[in-house]
Structure formats: C-alpha cells, structure tokens
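>>> Any chance you could fold what I've pasted below:
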Amino acid sequence: MNKTIVTLACALIGPLAFAQTSTTSTEKTTTTQPTTTTETTTTYTAGTVTTYKPGKTIVVQSNQGPVSFALGTAARIVNGAGQVVTSALTPNQRGRVYYTGTGGTRVVERVVVED
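Down below sits the predicted model:
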C-alpha cells in the first residue's frame, strides 16, 4: 500500500515539477528626429534711390550699377537712429538696403536712409 501511495503522489507531483514557465520581455524603442538648421546671410548695398514703388520694388544706384530689390510686407524703412520713416522714399535719397538672397531673388529686410 505504501508503494501505491508513493506512486500516486509521484504521479500527481511529477507534472508540476516539469511544468514550463514563460518569460515575457518588453523592449521600448524611441526615435528622435534630427533637427534642421537654416542659416541666412543678410548683406547690404549702399547707394542712391532711383526708383521706389512702396510694397513692390526699390532700385538703388550703387558702385556696381543699378540694383533692384523686392520689397516684402516685412520690409522696414528706418532712419540712422532706427526710427521708422513714414514718408515715401524719393529719388536721389541715399541709404543702405539690407537684404537676403542673391541675383533676382533679393528680398529687402530693411532700408536705412541717411539724414
């Protein structure tokens, strides 16, 4: 009878001893986007205003000859002290045109007129 109890006990405990356990692992991956840096260079041309169309174009006679610029809505016309000039530019008025771009894509940032 002892043999039967031991056999029965082994039969009941055996499957538990050989039972498999499962392991779950989680991996978290994060991706960062690279940043983009844009650099613009502002240059200027000094000379005499020959043509001025508010909100459209300005042409300045410089050492290199006449240079045309596009006036955007953000273009400011200021005096040497940095105060906004409310009167229209006139021909033969001297100043500096600060702009970005080259060739036919020169866009004015500001015009500093001389007093």
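>>> So for the strand ranked longest in the chain, what gets flagged as buried?
The longest strand of the chain (DSSP state E) is strand 65-78. Judged by neighbour count (16 or more other CB atoms under 10 Å), strand 65-78 contains these buried residues: 67, 69-71, 75, 77. The way it works is simple: take the backbone N, C-alpha and C, and place the C-beta from them, glycine included.
>>> which of those lies closest to Tyr99?
Taking CB to CB as the measure, Tyr99 sits nearest to Phe69 out of those, at 5.6 Å.
>>> And Gln83, how close does it get to Asn63?
27 Å (CB to CB, to the nearest Å).
>>> so what secondary structure elements neighbour the longest strand of the chain?
Packing contacts for strand 65-78, counted by 3 or more CB pairs under 8 Å, 6 or more residues apart in numbering; DSSP states H and E, involve strand 43-53, strand 57-62, strand 94-100, strand 107-113.
>>> Dump these into CSV; add mean pLDDT as well.
As requested, the helices and strands packed on strand 65-78 are arranged in CSV below (pLDDT from 0 to 100):
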stretch, mean pLDDT
strand 43-53, 92
strand 57-62, 93
strand 94-100, 92
strand 107-113, 92
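>>> So which of the ones you listed is nearest Pro34?
Here strand 94-100 is closest among the helices and strands packed on strand 65-78 (CB to CB), at 24.5 Å.
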